[in-house]
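In: With the input below, show me the fold.
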Amino acid sequence: MEDKILLKYIDVPDIQKIKVYQKHDGYQGLAKALKKHKPDEIIELVKASGLRGRGGAGFPAGLKWSFVPKDSGKDVYLCCNADEGEPGTFKDRLLMEKNPHQLIEGIAITAYAVNCHQAYIYIRGEFSQAMKVLEQAIAEAYEHNYLGKNILKQGFHLELSLHPGAGSYIAGEETGLLESLEGKRAEPRLKPPFPASVGLFKGPTVINNVETLSNVPHIIMRGPEWFKGFGTEKSTGTKLFCLSGHINKPGVYELPMGIPLKELIFNYGGGIIGGRKLKAVIPGGSSTPVLTADQVDVAMDFESIQAAGSMLGSAGVIVMDETTCMVDALANLTRFYSHESCGQCTPCREGVSWMAKIVRRIEDGKGLEGDLELLLDICDNISFKTLCPMGDAAIGPVVSFITKFRSEFEDHIRQGRCPIEKDKSIKVRG
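Out: Next comes the predicted model:
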């Protein structure tokens with residue numbers, strides 16, 4: 001059985017060019033979708049495949065598409081979320097830079113399925129190389145009638161626009177993205193209504209990330225049962241895992257859902273730098289709760305990671321060895337989330353900034369008795385009390401770091417200094 005779907009042709013020379021992409025079955029999925037299937041049939045095929053969103057939440061893609069009303073009388077929009085801002089995550093950028101037509105084909109098929117004629121790729125502003133590659137690929141797709149009017153003479157038309165964002169973490173939240181795309185500040189909206197009914201320009205809108213949409217052409221070409229041959233019963237297909245930190249072989253690995261985290265780290269990642277001991281792992285990007293070294297036998301699928309007390313998220317696996325100061329690591333994370341809060345919600349705006357100051361104070365040797373209880377109390381006052389998941393993303397690391405490495409935090413406070421002997425010769429790779 002093939003073990004790669006999205007990265008199968010990633011190393012083919014000039015795969016970014018449409019003629020090379022076409023030689024490797026490129027746009028055959030779109031042709032098949034337009035010529036052999038009705039839009040509702042495409043939705044049912046994706047539903048049957050079990051494809052779940054690869055952006056973090058893991059919501060079934062086909063089910064999300066089916067929520068788009070058929071008779072609203074409004075234009076339907078498709079937004080590809082390419083604002084990959086989760087620390088530890090760098091898979092979508094790879095797909096855009098190396099195989100852009102795969103994404104464009106997935107967008108076109110999805111747009112056909114939901115009766116959309118205007119699609120957008122909302123891309124992170126810092127991704128200058130990916131933007132150049134996508135601009136060229138979009139132009140080629142128009143030239144070959146895979147975009148534009150009367151695509152492949154099948155009566156379907158689609159306009160695709162590339163929209164660079166301003167580099168805001170919160171713009172990766174779907175309604176924050178919509179606000180930004182409309183020319184406003186990326187401040188998330190109150191839900192409901194959900195984007196499927198009231199989204200971009202108040203029209204029905206489907207939002208999926210790069211990895212999710214890139215899977216669609218392969219499902220149409222090979223069928224849902226083939227896709228379900230990878231992964232687990234509830235987490236089907238392959239997944240792009242981003243491996244970084246104190247690891248010998250960092251990078252993006254495409255592997256079946258459900259692969260053990262331990263195998264990912266020690267087999268594919270080559271183990272810990274310098275033969276040091278593993279201390280902790282963040283399994284799904286910086287917002288997911290940390291796992292300890294004795295939890296790495298967990299399977300990397302949505303259900304198993306959740307049962308272990310964390311989340312698969314964007315599958316940004318950050319590896320930390322025994323020399324890592326967990327207080328310092330948490331100080332970096334809380335500073336990031338404090339900086340990225342849009343400021344719309346008081347619990348997030350004030351609470352996350354407060355947490356960042358307390359954690360940095362502890363790392364600087366000025367921690368106070370009661371600081372840990374105060375941090376957990378602040379987390380409780382943020383949890384589920386914000387318009388978007390940003391607040392919960394910020395508290396996930398705080399609660400898990402303190403819960404699982406409490407003695408280290410207490411040592412900082414008691415000794416008035418960092419007790420971890422940091423080896424300056426170690427270079428974190430990623």
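In: ok, which stretches of the stretch 201-350 of the chain are helices?
Out: With DSSP state H, counting those that start in this stretch applied, the stretch 201-350 of the chain shows helices at 210-222, 224-228, 261-263, 302-307, 326-340, 346-363, listed in chain order.
In: ah, wrong one, I meant the stretch 51-200 of the chain
Out: Taking DSSP H, counting those that start in this stretch as the criterion, the stretch 51-200 of the chain carries its helices at 61-66, 91-98, 100-113, 128-143, 174-181.
In: out of the ones you listed, nearest to residue 315?
Out: In terms of C-beta to C-beta, the element of the helices of the stretch 51-200 of the chain nearest to residue 315 is helix 91-98, at 7.3 Å. C-beta: built from backbone N, CA, C; applies to glycine.
In: now that closest one against helix 210-222, angle please.
Out: Between helix 91-98 and helix 210-222, the angle comes out at 60 degrees (axes from the mean of the first three to the mean of the last three C-alpha atoms, to 10 degrees).
In: Show me what helix 91-98 is packed against.
Out: Counting contacts by 3 or more C-beta pairs under 8 Å, 6 or more residues apart in numbering; DSSP states H and E, helix 91-98 is packed against helix 100-113, helix 128-143, helix 210-222, strand 238-245.
In: Residue 10 reaches residue 97, doesn't it?
Out: No: judged on C-beta atoms under 8 Å, residue 10 makes no contact with residue 97 at a distance of 9.8 Å.
In: Residue 108 and residue 291, how far apart?
Out: Shown here: residue 108 relative to residue 291, a distance of 39 Å by C-beta to C-beta, to the nearest Å.
In: who has more neighbours, these two?
Out: Here residue 108 and residue 291 are set side by side on neighbour count (other C-beta atoms under 10 Å), and the busier one is residue 108, at 29 against 22.
In: mind checking how far that one is from residue 159?
Out: Counting by C-beta to C-beta, the gap from residue 108 to residue 159 is 11 Å.
In: Distance of the closest residue to residue 115 other than its chain neighbours relative to residue 121?
Out: Spatial nearest neighbour of residue 115, excluding adjacent residues (C-beta to C-beta, 6 or more residues apart in numbering): residue 76 at 5.4 Å. As judged by C-beta to C-beta, residue 76 and residue 121 stand 16 Å apart.
In: Comparing the two, which shows the higher neighbour count?
Out: Relative neighbour count places residue 121 above the other of residue 76 and residue 121, with 26 against 22, counting by other C-beta under 10 Å.
In: Quickly list what that one is bridged to.
Out: When assigned by DSSP bridges, residue 121 has beta-bridge partners residue 80, residue 162.
In: For it, report the pLDDT, please.
Out: As predicted, residue 121 sits at a pLDDT of 98.
In: what's near enough to touch it?
Out: Taking C-beta atoms under 8 Å, 6 or more residues apart in numbering as the contact definition, residue 121 lies against 80, 82, 103, 107, 134, 160-163.
In: Take these and write them to JSON lines, including neighbour count and distance to residue 381.
Out: What follows is the contacts of residue 121, written out as JSON lines (neighbours: other C-beta atoms under 10 Å; distance: C-beta to C-beta, whole Å):
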{"residue": "80", "neighbour count": "29", "distance to residue 381": "35"}
{"residue": "82", "neighbour count": "28", "distance to residue 381": "33"}
{"residue": "103", "neighbour count": "24", "distance to residue 381": "40"}
{"residue": "107", "neighbour count": "29", "distance to residue 381": "40"}
{"residue": "134", "neighbour count": "23", "distance to residue 381": "42"}
{"residue": "160", "neighbour count": "21", "distance to residue 381": "43"}
{"residue": "161", "neighbour count": "11", "distance to residue 381": "41"}
{"residue": "162", "neighbour count": "16", "distance to residue 381": "40"}
{"residue": "163", "neighbour count": "17", "distance to residue 381": "36"}
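In: Dump these to JSON lines, plus distance to residue 172 and pLDDT.
Out: As requested, the contacts of residue 121 are exported to JSON lines (distance: C-beta to C-beta, whole Å; pLDDT from 0 to 100):
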{"residue": "80", "distance to residue 172": "12", "pLDDT": "98"}
{"residue": "82", "distance to residue 172": "9", "pLDDT": "97"}
{"residue": "103", "distance to residue 172": "17", "pLDDT": "98"}
{"residue": "107", "distance to residue 172": "18", "pLDDT": "98"}
{"residue": "134", "distance to residue 172": "18", "pLDDT": "98"}
{"residue": "160", "distance to residue 172": "20", "pLDDT": "98"}
{"residue": "161", "distance to residue 172": "19", "pLDDT": "98"}
{"residue": "162", "distance to residue 172": "17", "pLDDT": "98"}
{"residue": "163", "distance to residue 172": "14", "pLDDT": "97"}
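In: List just the nearest of those to residue 145.
Out: Comparing the contacts of residue 121 against residue 145 with C-beta to C-beta places residue 160 closest, at 12.9 Å.
In: The closest one contacts residue 147, correct?
Out: Yes: counting by C-beta under 8 Å, residue 160 touches residue 147, with 5.3 Å between them.
In: Now do the contacts for the nearest residue to residue 280 once chain neighbours are set aside.
Out: Nearest-residue entry for residue 280: residue 320, 4.5 Å, with adjacent residues in sequence omitted and distances by C-beta to C-beta, 6+ apart. For residue 320, the contacting residues are 245-246, 278-282, 326, 329, by C-beta under 8 Å, 6+ apart.
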